[in-house]
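Engineer: Model the structure of this input:
(chains A and B)
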Amino acid sequence: MVKESFFSEVLSISGGTLAGFLLASSAMQNLLESFPGLLIMIPGFLGLRGNILGAVSARIGTGLHTGLIEPKITLKGDTAMNFVASLFLSTFVNTLIGVLAYFVSVILGVDAILWKLVALGALSGAMASVIVGPFTIMLTILVFRQGIDPDSVMGPLVTSVGDITAVICLFLAAILVG
Amino acid sequence: MQKQAFKRIMKESAPALIVAALIDIMAGTTMQLRGIEAWVAIPVFLMLVPPLSDLGNDVACILSSRITTLLALGVIKPKLESSEALETNIIAILTIGTLSSLYMGMITFAVADKAGLGSVPIFPFLAVCVISVIILTLLVCVAAIGIAFIAWRRGLDPDNVTIPISTSISDVLGIFSLLIAMGMVGFI
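Structural biologist: Residues are numbered from 1 along each chain as shown, chains lettered A, B, ... in the order given. Okay, the predicted model is just below:
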């Protein structure tokens, strides 16, 4: 167990370090300083991508194992439904995180602007899902085709890819919101 | 059929994700309480936030699914009593955590050093990594076992409920452990 898990930990931490590098980069530092309330949203942004997409790959994995989903790369039927579900959930939850971060900012006396935090949440949530959603679904199917059980490899992969995308989308959304 | 499946996903996932968002906001609040200036002053510690959160989430995931399996097999009961199966799992998780924390420390130090993201001496920095991960792992063990027991007793789905809740709690614990370890080593 130690051997198996350590390998996937190394993978997961490497992805996390790349996300950390982007988060600590000087461009992101400037953004954090010029966007009051953004820091409060960071853990939520990082966590939710893994939660939502981990569930997507688990569901697709189960569908493939039981034969309900054919191992073909298309965005139709059940795979499309899963994609839409993840897009919907991540936009909704990220918007909620924006609202919550605003309330915390008010309590802590941080000068946050409600619409900016909400727009940032919704935009980055939707963007990240549009990018990582199809990638997760395709990779789950590809892994299954290779005869590997998606359940045992997709978890750490999705978390690290999700982290990196979350930081990039957060950055892009912040530029759009201004 | 697909409409129903869609509704079921929403119904099962949304409440757990909302609770997870509420808990994750607490992690963000803890970060904000330290102040942006303090994080930006030594960015190498900001760099530790995502990998530490990944590590905590993975520990929470591994432990949650193992405990649920042990409960389903009847090897352990959802009660607070010492059990060999549980202890073996905790020791294994601590070993994985400690080894992984050394890897996390070295790779983060190397990247930060190359990119010029704050210069800290390597051994105190590695000490922060190892201490924070040990504290985090122990706290996550307690949290994951507690949540798995409660979820099991109430018949909640471990995939849709136990994992999101215990991973977001591990995010809060991750920030706490990092700050405690930084304090112990003398960076705060």
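
Engineer: how about the nearest residue to the closest residue to chain A within chain B, chain neighbours excluded?
Structural biologist: At 3.1 Å from chain A, residue B:51 is the closest residue in chain B, using CB to the nearest CB. Yep, even glycine has a C-beta here, placed from its N, CA and C like the rest. For residue B:51, ignoring the flanking residues on the chain, the nearest one in space by CB to CB, 6 or more residues apart in numbering or on different chains is residue A:16 at 3.1 Å.

Engineer: Is that neighbour in contact with residue B:53, as I believe?
Structural biologist: Yes - the pair residue A:16 / residue B:53 is scored as a contact, 7.1 Å apart, by CB atoms under 8 Å.

Engineer: okay, and the common contacts of those two?
Structural biologist: By the contact definition CB atoms under 8 Å, 6 or more residues apart in numbering or on different chains, residue A:16 and residue B:53 are jointly contacted by residue A:163.

Engineer: For the residue most central in space within chain B, give me its contacts.
Structural biologist: By CA atoms, centre = their mean, chain B has its centre lying nearest to residue B:56, at 2.3 Å. By CB under 8 Å, 6+ apart, the contact list for residue B:56 reads B:136-137, B:140, B:167, B:170-171, B:173-174.

Engineer: Check whether the strand or helix carrying residue A:170 comes near chain B.
Structural biologist: Secondary structure from DSSP states H and E places residue A:170 in helix A:150-177. Yes - using CB under 8 Å from any CB of the partner chain, we find that helix A:150-177 touches chain B at A:155-156, A:159-160, A:163, A:167.

Engineer: Check chain A for the residue nearest chain B and tell me.
Structural biologist: residue A:16 (3.1 Å).

Engineer: Check the offset of the helix or strand that residue falls within from the chain's centre.
Structural biologist: Taking DSSP H and E as the definition, residue A:16 sits inside helix A:2-24. With CA atoms, centre = their mean, to the nearest Å as the basis, helix A:2-24 stands 15 Å off its chain's centre.

Engineer: how about that helix as CSV, C-alpha atoms only?
Structural biologist: Provided in CSV are the C-alpha atoms of helix A:2-24 (Å, rounded to 0.1, in the frame of the first residue of the first chain):
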residue,chain,number,x,y,z
VAL,A,2,2.8,2.4,0.9
LYS,A,3,4.6,1.7,-2.4
GLU,A,4,1.5,2.2,-4.6
SER,A,5,0.3,5.3,-2.8
PHE,A,6,3.7,6.9,-2.6
PHE,A,7,3.9,6.8,-6.4
SER,A,8,0.6,8.5,-6.9
GLU,A,9,1.5,11.0,-4.2
VAL,A,10,4.6,12.0,-6.0
LEU,A,11,2.5,12.6,-9.1
SER,A,12,-0.1,14.6,-7.2
ILE,A,13,2.5,16.7,-5.3
SER,A,14,4.4,17.5,-8.5
GLY,A,15,1.2,18.9,-10.0
GLY,A,16,0.4,20.7,-6.8
THR,A,17,3.9,22.3,-6.9
LEU,A,18,3.3,23.6,-10.4
ALA,A,19,0.0,25.1,-9.3
GLY,A,20,1.9,26.5,-6.2
PHE,A,21,4.5,28.0,-8.5
LEU,A,22,1.8,29.7,-10.6
LEU,A,23,0.1,30.9,-7.4
ALA,A,24,3.3,32.4,-5.9
